[in-house]
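A.B. asks: take a look and give me a structure for this.
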Amino acid sequence: MEFLKLLQTEVSLDLRRMMAMSIIAGLSNAAVLALINIAANRRDTADGWRLALMFVIVVAAYSVSQRFVMVRSAREVERIAHRIRGRLIEGLRRCELRDVERIGRARILTAMSTDIQTVAQSGNILGLVGQLAVLLVFAAVYLFVLSPMALVLFVAFMAVAVVLYYARRSRSNKAMQDAAIAEIGLHELLSGILDGFKEAKLNRHRSEQLITDITAHSEQAAEARSLAQAEFGRNFVFTQNVFFLLLATMVFILPTLSEVYSDTMVKTTTAVLFLFGPVSGVIAAMPVFASANIAAKSIMELERLLQQSSAQHPSANSSADAERASFREIALRGVRFRFEHAPGEQSFQVGPIDLVLKAGETVIISGGNGSGKSTLLRLLTALYSPQAGEILLDGRLSVPGDADSYRSLFSAVFSDYHLFKRLYGIMPEALEEAPDLLHRFEVDDKTSVVGGAFTTIDLSAGQRKRLALIVAILETRPICVLDEWAADQDPIFRRKFYTELLAMLKQRGVTVIAVSHDERYFDCADRRLHMEEGKFVSDQGGIHA
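C.D. replies: Now for the predicted structure:
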């Protein structure tokens, strides 16, 4: 069971101490039953105070031990969830972009949020079920003392119930798995409606079809879960009936199988009724553990995929201390990259690409939509690994041989960039320039940098892109990659970008590679490279190797 395997590999509790406290809790709980039976059948009223005192002591022992086990197990489960989440995040950090795209955003988010929460909640219930199991053991011992034949009948009935329960459980587990798959698709669609809210709002038909699709996935998940819960419900009712039959057996059949006195019969029936709660609790926990098992399986599979990605690119996860501050030349020799598609579908290829970039150059890359410009930038920055060819840094093979060191040359604002409110990765001394850059980029009246973070990033698309470029400049990397950066700027600031800001970056010695469609400003660059169908078709103004 993946859920138990996951917890077993992560647990760091003193299990002997936990087991001792669990035994105390179970024994004291069973002792409550024994004391109640003894007190109910006592003939001497003088024993009442002594039994009452023993009852208080037993309840106190149960309360202390039970609270200890539940609090400690709850803390440990949350620590386990924290460790698992941290390990997944670290695995994600070491993963390559292409692998993340293959795994899928929805799957990663579901495992790191919903699945881990499911495991944590089930872990808490597992502690309670453990307590119930210990109670069952001691209560069964007490039942044996009262009547061995009663215990035999009880175990026989429970064995039948458990066998039939597990025989029927496969259908409910299959339904739970179907629901989990449907919910991953639902999560993806819900992310889409948030990310594409503007596009959905502009097109009523798109919005209606999207809602229809979301509703269908939601209904599919609800139907699968309802089927699973129906199976669990049928199993629960079956278990209830088993107990009713068990009670009837104790009352009607047990006396015919062994000599049982009336007071013993009452105690035996009371013990069976007492066992009813713990057994029902264990059975009721089965659906929770079924969900936890599916969640644990999803977490373990995601961790396996992340570890597999990291193992395939061990050199790409080298120490960040090996950052480079400068370069002379980057050369792409016969670089190719092809996107994977389903069998029978035509895949798009970028390359072969042969290109030499010199330090301090300002290069504009042009080309139509789908010509491969963004993919080229991902290859150039080592976010994608070439499937053929090589990338040379100052004449030496660098990618994938030392990807982290190579990537440290680049800052970037991609077309699908994300702007963090906090300026992560920016050195404190670099932040001193932030006010001047905010003024130069004409957003100092909109936001500021306080405590290493922007006071607000709730700005227009063009202004947010200005902040993203400010962050890229503050990284003080020798190469700045910009993918359609000026597309969201107003005409006045667009002209300022090409005529002033590019000149400022060049004066600082920054190599700029900018994807652009603004033909009127192509002469602001040292070179212009034009792409069509994944290849360069022209190189104006520079060296094209």
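A.B. asks: what helix or strand is residue 391 located in?
C.D. replies: Using DSSP states H and E, residue 391 falls within strand 388-393.
A.B. asks: which residues in the chain form strands?
C.D. replies: Using DSSP state E, the strands found in the chain span residues 329-338, 349-358, 362-367, 388-393, 396-399, 410-413, 449-450, 453-454, 479-483, 511-515, 527-532, 535-540.
A.B. asks: on contacts alone, who are the packing partners of the fifth one?
C.D. replies: It stands for strand 396-399. Judged by 3 or more Cβ pairs under 8 Å, 6 or more residues apart in numbering; DSSP states H and E, the packing partners of strand 396-399 are strand 388-393, helix 403-407. Bear in mind the C-beta positions are built from the backbone N, C-alpha and C, glycine included.
A.B. asks: 10 Å instead, please
C.D. replies: Packing partners of strand 396-399 (3 or more Cβ pairs under 10 Å, 6 or more residues apart in numbering; DSSP states H and E): strand 329-338, strand 388-393, helix 403-407.
A.B. asks: tell me the strands beside that strand, with direction?
C.D. replies: strand 388-393 (antiparallel) (DSSP bridges).
A.B. asks: okay, buried residues for the strand it pairs with please.
C.D. replies: 389, 391, 393 (16 or more other Cβ atoms under 10 Å).
A.B. asks: taking strand 349-358 as reference, get the angle to that strand.
C.D. replies: 20 degrees (axes from the mean of the first three to the mean of the last three Cα atoms, to 10 degrees).
A.B. asks: residues in contact with strand 388-393?
C.D. replies: 324, 327-338, 349, 351-356, 379-380, 382, 385, 397-403, 405-406, 409 (Cβ atoms under 10 Å, 6 or more residues apart in numbering).
A.B. asks: now that strand: how far from the chain's centre is it?
C.D. replies: Here strand 388-393 shows a centroid-to-chain-centroid distance of 34 Å under the convention Cα atoms, centre = their mean, to the nearest Å.
A.B. asks: reformat the buried residues of strand 388-393 as TSV; add pLDDT and distance to residue 37.
C.D. replies: Below are the buried residues of strand 388-393 laid out as TSV (pLDDT from 0 to 100; distance: Cβ to Cβ, whole Å):
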residue	pLDDT	distance to residue 37
389	91	83
391	91	81
393	91	82
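A.B. asks: quick check, nearest of those residues to residue 264?
C.D. replies: residue 391 (85.2 Å; Cβ to Cβ).
A.B. asks: ok, the closest one to residue 385 distance?
C.D. replies: 9 Å (Cβ to Cβ, to the nearest Å).
A.B. asks: equivalent analysis for residue 25, please.
C.D. replies: Residue 25 is 56 Å from residue 385, by Cβ to Cβ.
A.B. asks: more neighbours: which of these two?
C.D. replies: Set side by side, residue 25 and residue 385 show more neighbours around residue 25, with 26 against 19, by other Cβ atoms under 10 Å.
A.B. asks: I figured the more buried one hits residue 133, correct?
C.D. replies: No: in terms of Cβ atoms under 10 Å, residue 25 does not count as a neighbour of residue 133; the distance is 11.0 Å.
A.B. asks: let me know which of the helices and strands packed on strand 396-399 is the nearest to residue 21.
C.D. replies: helix 403-407 (47.7 Å).
A.B. asks: could you flag which of the contacts of strand 388-393 are buried?
C.D. replies: Buried members of the contacts of strand 388-393, counted by 16+ other Cβ under 10 Å: 324, 327, 330-333, 335, 337, 349, 351-356, 379-380, 382, 385, 398-400, 402-403, 405-406, 409.
A.B. asks: Serialize the buried residues of strand 388-393 to a markdown table and add fields for distance to residue 228.
C.D. replies: As requested, the buried residues of strand 388-393 are exported to a markdown table (distance: Cβ to Cβ, whole Å):
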| residue | distance to residue 228 |
| --- | --- |
| 389 | 51 |
| 391 | 51 |
| 393 | 55 |
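A.B. asks: ok, of those, which one's closest to residue 515?
C.D. replies: residue 391 (18.6 Å).
A.B. asks: the closest one and residue 328: what is the separation?
C.D. replies: Distance from residue 391 to residue 328, by Cβ to Cβ: 14 Å.
A.B. asks: what sits against residue 485?
C.D. replies: 412-415, 417, 462, 465-466, 468-469, 472, 494, 497, 501, 512, 514-516.
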